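In: Could you work out the structure for the sequence below:
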Amino acid sequence: MSDDDHPASGPSGPFPARASRRTFLVMAGATTLGTALSACGSMPESPPPQAGLPTEPAPQMPQQPANSIGTGSVRIGLLLPLGASGNAALAAQSLRNSAEMAMSEFTGANIQLLVKDDGGTGPGAQAAAQQAIDEGARAIIGPVFAHTVAAAGQVARQRGVPLVGFSTDTNVATQGVYLLSFLPQTDVERAIRYAASRGRRGFVGIVPDNAYGSVVEAAFRETVPAVGGRVLGIERYATGDGGKYAEAAQRAAASAREADAIFLPDAADAVPQIIQALAAAGVNMSGKQLIGTGLWDDRRLFAAPSVAGGIFAAPDPAGFRAFSERYRARYGQEPVRTATLAHDGVSLMAALVNAKGEMGITDAAIQNPSGFIGVDGIFRFRADGTNQRGLAIMQVGNGTSQIIDPAPRSFAGAI
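Out: Model (predicted):
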């Protein structure tokens, strides 16, 4: 997450049964890890020492750190703000639980998680990363916030250790520092492409004047012309002040009358007010496609009649529902929405190690263009550290949202 983030986006990508959840599929070649393990099992063993010759004592395994999960031979750092204040610590515990659950669900996971508390601070993340690597970590999962990912990532890159973090701020992503989070840019691209595929050509954006607004506006400006559309206008409004919605709507009114798609990347407390302000400014909203982002995945917004028919991109909800059921059965409470990131991060590392041993955790393996299947569907990492996800198109209506265009099952075609 970015420094002031709340969990983004909506639900997830399914695994049909518990047994199949135990195998994290590397999509290249459509093979499971069982195949790789069988191949490894056919390797000849080292010959016994010759009789009468002295033998070296068996090497002793390093002592298991106090705060660790699992007993595998390959160590992976898990950096979380467990000692931070407020909601950050609660979210961190949910992420830790999810990582533990992934270890229990992955058959034969030959990894050990070294859990480190970064305290939610840059210096804390830097120290935690250093400690994990000094204790033998071959990769790092986490941290959560942009400033902690940047700090830990600097250490990891210097030591040649890949890091898979949870921030949504792509400014901290780079070669060797990967983001597994739900990126708003992916939401925008998927939804705009879908709208264009249904004949929408004239787009207007009304966006919040904040960091999130800047990110989604940039993605909007880039994607619309790429799919054959035209950006007819973009207006910004100050956040936290309902009166600014009317001013922005007035400025956007002329362009919005010509548009057949209106982009409103904000949350449930803002979007209905903006729609009302556009109507008050003389914009006939009938027939115009409303487009949102993962912030729309909110029951309060689903209940707003003015948003009915609007679309947004999100992971298929089925995966998160199944994940949540298993999490509740194990821990007796609800997981935070981003808990799936820790689960998939651990499963990813376990899959790479089980396939090729500790030397299997490389940038090339992490950047596998065929991608991976996780709780929230398919995903893959770009060389610049950002990710792509296979998202569904959800449509708002009757107090809920439903899939109108399924999430892709592979990266063979466009998302």
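In: Next, the contact list for Arg96, please.
Out: Leu78, Leu80, Leu82, Val115, Ala342 (Cβ atoms under 8 Å, 6 or more residues apart in numbering). All C-beta atoms are positioned from the backbone trio N, CA, C, and that covers glycine.
In: now, which of those residues sits nearest Asn67?
Out: Distance to Asn67 across the contacts of Arg96 (Cβ to Cβ) is lowest for Val115, with 4.7 Å.
In: How many neighbouring residues does the spatially closest residue to Gly108 that is not a sequence neighbour have?
Out: Excluding the flanking residues, the one nearest Gly108 by Cβ to Cβ, 6 or more residues apart in numbering is Asn354, at 6.2 Å. By other Cβ atoms under 10 Å, 25 other residues sit near Asn354.
In: isn't Asn354 right up against Gly72?
Out: No: counting by Cβ atoms under 8 Å, Asn354 stays clear of Gly72, with 9.3 Å between them.
In: which neighbours do the two share?
Out: Ala109, Asn110.
In: Surely Val231 is in contact with Arg221?
Out: Yes: between Val231 and Arg221 there is a contact under Cβ under 8 Å: 6.1 Å.
In: which of the two has more neighbours?
Out: Val231 (19 against 15).
In: Distance from the chain centre to the helix or strand hosting that one, please.
Out: Following DSSP states H and E, one finds Val231 within strand 230-237. Counting by Cα atoms, centre = their mean, to the nearest Å, strand 230-237 is centred 28 Å from the centre of its parent chain.
In: Pull out the buried positions in the helix or strand that comes right after it.
Out: As assigned by DSSP H and E, the chain's next helix or strand after strand 230-237 is helix 243-258. For helix 243-258, the neighbour count (16 or more other Cβ atoms under 10 Å) marks Lys244, Tyr245, Ala246, Ala248, Ala249, Arg251, Ala252, Ala253, Ser255, Ala256, Arg257 as buried.
In: Please apply the same query to stretch 221-232.
Out: Residues Thr223, Val224, Val227, Gly229, Val231, Leu232 are the ones in stretch 221-232 that count as buried (16+ other Cβ under 10 Å).
In: for those, which one is nearest Val346?
Out: Minimum distance to Val346 across these is 32.4 Å, recorded for Thr223 (Cβ to Cβ).
In: quick one: contacts for the closest residue to that closest one other than its chain neighbours?
Out: Nearest non-adjacent residue to Thr223, counting by Cβ to Cβ, 6+ apart: Ile192, 4.4 Å away. By Cβ under 8 Å, 6+ apart, the contact list for Ile192 reads Phe203, Phe220, Thr223, Val224, Val227, Gly229, Phe263, Ile291.
In: doesn't the second one fall inside a helix?
Out: Yes: for Phe220, which was evaluated using DSSP: H, G, I helix; E, B strand; the rest coil, the result is membership in a helix.
In: got the domain boundaries for this structure?
Out: 18-30+67-181+318-388, 184-314 (automatic domain parsing).
In: In CSV: these, plus distance to Ala407 and mean pLDDT.
Out: Formatted as CSV, these follow (distance: least, Cβ to Cβ, whole Å; pLDDT from 0 to 100):
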stretch, distance to Ala407, mean pLDDT
domain 18-30+67-181+318-388, 5, 93
domain 184-314, 9, 96
